[in-house]
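1. Return atomic coordinates for the entry below.
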Amino acid sequence: MSSMRIFDIVGSGMSAQNLRLNLVASNLANVDAVSSSIDQTYRSRQPVFQAILDQANPQAPAQGVRMAGVVESQAPLNREYSPGHPMADADGNIYKPNVNPVEEMANMISASRAYQSNVDVANAARQMMAATLNIGK
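-> Here you go, the predicted structure:
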């Protein structure tokens, strides 16, 4: 593997964690959203990642990661009886997202630590390459 390939791998990891953080932000931004129907209620979104494999050599280690898609949580929505609410349906119910703020905060911490780990790997690779260039001096 080329020594420059490490930056492609690290970059794909950083990009994946950035997308993960964006989904966490979206989930947290909609945690208090209210709707009058189940169909229009925001649902928690989670990323699905996929390893990038070398097509020429399937036995080789993964060459990075990419987001394969986003899935919406199938957990039940939060239904609340609130007949005086302006968004209440005919039965007096309002619907709130199935976003768990505690889970989202844990996801945010995990994603930011994974992002930082990728930054640390890139910095270590850069330092090793610089040290290698300085060997001959």
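
2. Every contact and neighbour count from this point should use C-alpha atoms.
-> Noted.

3. Chain neighbours aside, what residue packs nearest to the most centrally placed residue in the chain?
-> The chain has Arg20 as the residue nearest its centroid, 1.4 Å off, counting by C-alpha atoms, centre = their mean. Computed as C-alpha to C-alpha, 6 or more residues apart in numbering, the closest residue to Arg20 that is not its neighbour in sequence is Pro47, at 6.2 Å.

4. Got the confidence number for the one you found?
-> Confidence at Pro47, expressed as pLDDT, is 96.

5. Now do it against Gly84, distance only.
-> For Pro47, the distance to Gly84 equals 36 Å [C-alpha to C-alpha, to the nearest Å].

6. Settle it for me: which of these two has more neighbours?
-> Higher neighbour count among Pro47 and Gly84: Pro47, with 20 against 9, using other C-alpha atoms under 10 Å.

7. hmm, back to that, can you verify the residue nearest to the centre of the chain is assigned to a helix?
-> Yes: the assignment for Arg20, made by DSSP: H, G, I helix; E, B strand; the rest coil, places it in a helix.

8. what's the span of stretch 70-83, first residue to last?
-> Start-to-end, stretch 70-83 (C-alpha to C-alpha) is 34 Å.

9. That stretch - what's its average pLDDT?
-> On average, stretch 70-83 scores 94.

10. Mind listing what's buried along it?
-> Leu77, Arg79 (16 or more other C-alpha atoms under 10 Å).

11. This completes my enquiry, with thanks.
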